[in-house]
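1. Below: sequence and its predicted model.
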Amino acid sequence: MFKRLISVVRHAKKYLLIIVFTLPASVWAQTTAEGAQGAVSSRSMLASQVGLDIMKQGGNAVDAAVAMGFALAVTYPSAGNLGGGGFMMLHTEAGEVLALDFRETAPGTAAENMFLDDSGSVIAGMSTETHLAAGIPGSVAGLLEALNKHGTFSREKVLAPAIKLAEEGFPLPSDIATQFSKHQDKFKKYAGSARSFIKKNKTYQAGEIWKQPDLALTLKLIAAQGRDGFYKGKVADLIVAEMEKGNGRISHNDLLSYEPVWRKPIHGTYRSFEIWGMPPPSSGGILVQQILNMLEPFVLDKSRRNQDETLHLMIEAERRAYADRAEYLGDSDFYPVPIERLIDKTYAKQRFSDFDVQKASNSDEIGPGAWPEESRETTHYSVMDAKGNAVSVTTTLNTAYGNKIVVDGAGFLLNNEMDDFSIKPGFANTYGLLGNKANAIAPNKRMLSSMSPTIVTLNGQPFLATGSPGGSTIITTTLQVLINVVDHNMTLASAVKSPRFHHQWKPNKVFYEPGALSEAQLSVLRSKNHVGIIPSPWKIGDANSVIKRKRGFISVSDPRSMGGALAY
Ligand code: GLY
């Protein structure tokens, strides 16, 4: 129905506003779908439609995921991107599981103290809201690398839908129109951002056709020239010119030398399932496995769902894993991250040996900073096909709309991923996460991430592709989806919808969504000395996932936001 309505909209522009405002909400969002051939789930219905169409034309899940990655850069600009980075977990039809790192890198001239003043204090906003906040973008190189190695379609074919969406435009969904309006004061500060997001001094309204001609040109250059269309030539010149306007540090040399990296996945087991996650520079794979290892000796079956002991147990496991994250994790190409030890089941047993079933353990009472005011952006999408390919991708500009700076003339936003480094030991990043030497800034290093694209296999076959946005809550969201499916035997739709909670060691707080903790559970947790149990100011996570059941694929987009789950 969605496709039909979009086509009606395109052919009847004079009636556009009337039509759009009468479209049912289901046009912008569909939370579940089932099919035998393939399934996709993403934060954008238009991007999901692109992925589904590619598979229907004979493409595999990688072709679909790459096409969706480029489409999300057009249809979901707060996190879908060309100017950011991400991670892809891939189960190939040959049965291999692979991890592709296309995280941003620090510029070659980056320095450990680049966000500090002469007295060594952090300069507020410098690592999030300036040209200096941007790392070298990895998304274009990463998506093209995945396509070259594991796709079957040409670059031109997978980029065509994104180019069309950017060139011809699409009716702006209401949630995105609201975001544009919210950020307009920041967009007005930069010529490129104002051109993209503001129309003749007014913000775009829901339902208006939103076109992005500069972005269409950039996408066409990538389609024609591959990575050279982005990292060399006109687009590279525009990026460097944009840097010069704001003392940013991305150079031609940084762009030319950017490379995505195939890494050894984090591989572990949880009950009868195999879990495959992203290694450093993400903390996601390690923490998900570490927490699962701590939980595994306990019975968490359906009858234990939402029981006080289960909540206490999970909070305590999360507390310990996030404490390890702050100390040990960073880019393993620069720092010796003890990966094998952290995901070892014996280590988990020892780490959890002080768990007291009656009492919360003690993170410092005073956390390192307030809960972030920025919205927790990033986006996750999942794809599976009937050939045995499964793709789980999380990609980000860091906070919503990154540093809010569109490269003038090139039409895409830059990230503010430098804030994911530990910009000063003990100083919390925008998600309240602490870090140390392991995650200090260094030239060409990749900043630590929480992104946790995950593939779960059962008997060697893809079973579940999942992950989430949400900064520090990415890990706990992914974990709760896994536990809901594996332990509590929930349907994927319920597992994703179920209210969530989150603990990250410091600040020593338990954040919970409405319905996640009952009054009785709150008092039990308080009686066990858990402190700072507060309603989360944000929806926790957005876990767009696909599962393979006996009857076929089931695709679920998180009902917390307007996304698209499609299957055929
Ligand atoms: N920028 C959020 C993350 O990578 O964890």
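-> Looks like it came in fine. Residues are numbered from 1 along each chain as shown.

2. Now do the contacts for the closest residue to the ligand within the stretch 251-400 of the chain.
-> Closest to the ligand within the stretch 251-400 of the chain is Asn398: 4.0 Å, counting by C-beta to the nearest ligand atom. In short, each C-beta sits where N, CA and C put it, glycine included. Neighbour list for Asn398: 84, 128, 377-378, 415-417, 419-420, 430 [criterion: C-beta atoms under 8 Å, 6 or more residues apart in numbering].

3. mind running it again at 7 Å?
-> 415-417, 419-420 (C-beta atoms under 7 Å, 6 or more residues apart in numbering).

4. so which of the residues you listed are also by the ligand?
-> Here is what survives when those are matched to the ligand using C-beta under 6 Å from any ligand atom: 417, 420.

5. can I get the contacts of Asn398 in JSON lines with secondary structure and pLDDT?
-> Shown next, in JSON lines, are these (DSSP: H, G, I helix; E, B strand; the rest coil; pLDDT from 0 to 100):
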{"residue": "Asn415", "secondary structure": "coil", "pLDDT": "98"}
{"residue": "Asn416", "secondary structure": "coil", "pLDDT": "98"}
{"residue": "Glu417", "secondary structure": "helix", "pLDDT": "98"}
{"residue": "Asp419", "secondary structure": "helix", "pLDDT": "97"}
{"residue": "Asp420", "secondary structure": "helix", "pLDDT": "97"}
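
6. I'd say Met55 and Gly38 touch.
-> Yes - counting by C-beta atoms under 7 Å, Met55 does reach Gly38; the two are 4.3 Å apart.

7. was I right about Thr203 contacting Lys182?
-> No - assessed by C-beta under 7 Å, Thr203 is found out of contact with Lys182, at 9.2 Å.

8. So these two - more neighbours on which side?
-> Thr203 (18 against 14; other C-beta atoms under 10 Å).

9. Got phi/psi on the more buried one?
-> phi -80, psi 150 (degrees, to the nearest 10).

10. Could you list which residues are in contact with it?
-> 180-181, 184.

11. Give me the pLDDT for it.
-> Looking at Thr203, its pLDDT is 89.

12. out of everything not next to it in sequence, what's closest to it?
-> In space, and not counting its chain neighbours, Thr203 is closest to Ser181: 4.4 Å by C-beta to C-beta, 6 or more residues apart in numbering.

13. Share the number of residues neighbouring the one you found, please.
-> 17.

14. my guess is it is in a helix, correct?
-> Yes - with DSSP: H, G, I helix; E, B strand; the rest coil as the criterion, Ser181 is located in a helix.

15. For the ligand, see how far away it is.
-> From Ser181 across to the ligand, the span is 24 Å (C-beta to the nearest ligand atom, to the nearest Å).

16. so what's the residue of the stretch 451-568 of the chain found nearest the ligand up against?
-> Closest contact between the stretch 451-568 of the chain and the ligand, by C-beta to the nearest ligand atom, is at Met451 (4.8 Å). Counting by C-beta under 7 Å, 6+ apart, Met451 touches 86-87, 278, 282, 284, 378, 394, 396, 474.

17. Likewise for Ile315?
-> So Ile315 contacts 503, 510, 530 (C-beta under 7 Å, 6+ apart).

18. circling back: Three-state assignment for the residue of the stretch 251-400 of the chain closest to the ligand, please.
-> Asn398 - assigned by three-state DSSP - is coil.

19. Dihedrals phi and psi, it?
-> Dihedral angles (degrees, to the nearest 10) for Asn398: phi 90, psi -110.

20. same check, this time on Pro462
-> phi -60, psi 130.

21. from what I can see it touches Ser382, true?
-> No - if you go by C-beta under 7 Å, Pro462 and Ser382 don't touch, sitting 10.2 Å apart.

22. Can you show me the helices along the stretch 251-400 of the chain?
-> Here the stretch 251-400 of the chain has its helices, by DSSP state H, counting those that start in this stretch, at 252-257, 284-295, 308-328, 339-342, 345-351.

23. Can you say which of these is nearest to Leu46?
-> Across those, Leu46 has its closest neighbour in helix 284-295 (26.8 Å, C-beta to C-beta).

24. Summarise which helices and strands the closest one is packed against.
-> With contacts taken as 3 or more C-beta pairs under 7 Å, 6 or more residues apart in numbering; DSSP states H and E, helix 284-295 sits against strand 266-270, strand 273-277, helix 308-328, helix 339-342, helix 345-351, helix 473-486.

25. Mean neighbour count, the ones you listed: which tops it?
-> Among these, helix 473-486 has the highest mean neighbour count (mean count of other C-beta atoms under 10 Å), at a mean of 26.

26. Check which helices and strands the helix or strand just after that helix sits against.
-> With elements assigned by DSSP states H and E, the helix or strand that comes after helix 473-486 is helix 492-497. With contacts defined as 3+ C-beta pairs under 7 Å, 6+ apart, the packing partners of helix 492-497 are helix 473-486, strand 545-549, strand 552-556.

27. can you rerun that using 10 Å?
-> Applying 3 or more C-beta pairs under 10 Å, 6 or more residues apart in numbering; DSSP states H and E, we find helix 492-497 packed against strand 32-35, strand 461-466, helix 473-486, strand 545-549, strand 552-556, strand 564-567.

28. Now the first one: buried residues?
-> Judged by neighbour count using 16 or more other C-beta atoms under 10 Å, the buried positions of strand 32-35 are 32-33, 35.

29. Adjacent strands (with direction) for it?
-> strand 552-556 (antiparallel) (DSSP bridges).

30. low pLDDT regions in the stretch 301-450 of the chain?
-> Along the stretch 301-450 of the chain, the model assigns pLDDT under 70 to residues 364-376.

31. Which residues of it lie near the ligand?
-> Residues of the stretch 301-450 of the chain lying near the ligand (C-beta under 6 Å from any ligand atom): 378, 396, 398, 417, 420, 449-450.

32. run the last query once more with 8 Å
-> Contact residues, the stretch 301-450 of the chain versus the ligand (C-beta under 8 Å from any ligand atom): 378, 394, 396, 398-399, 417, 419-420, 431, 447-450.

33. And the chain, by the same measure?
-> Checking the chain against the ligand by C-beta under 8 Å from any ligand atom, the hits are 103, 282-284, 378, 394, 396, 398-399, 417, 419-420, 431, 447-451, 469, 471-472, 474.
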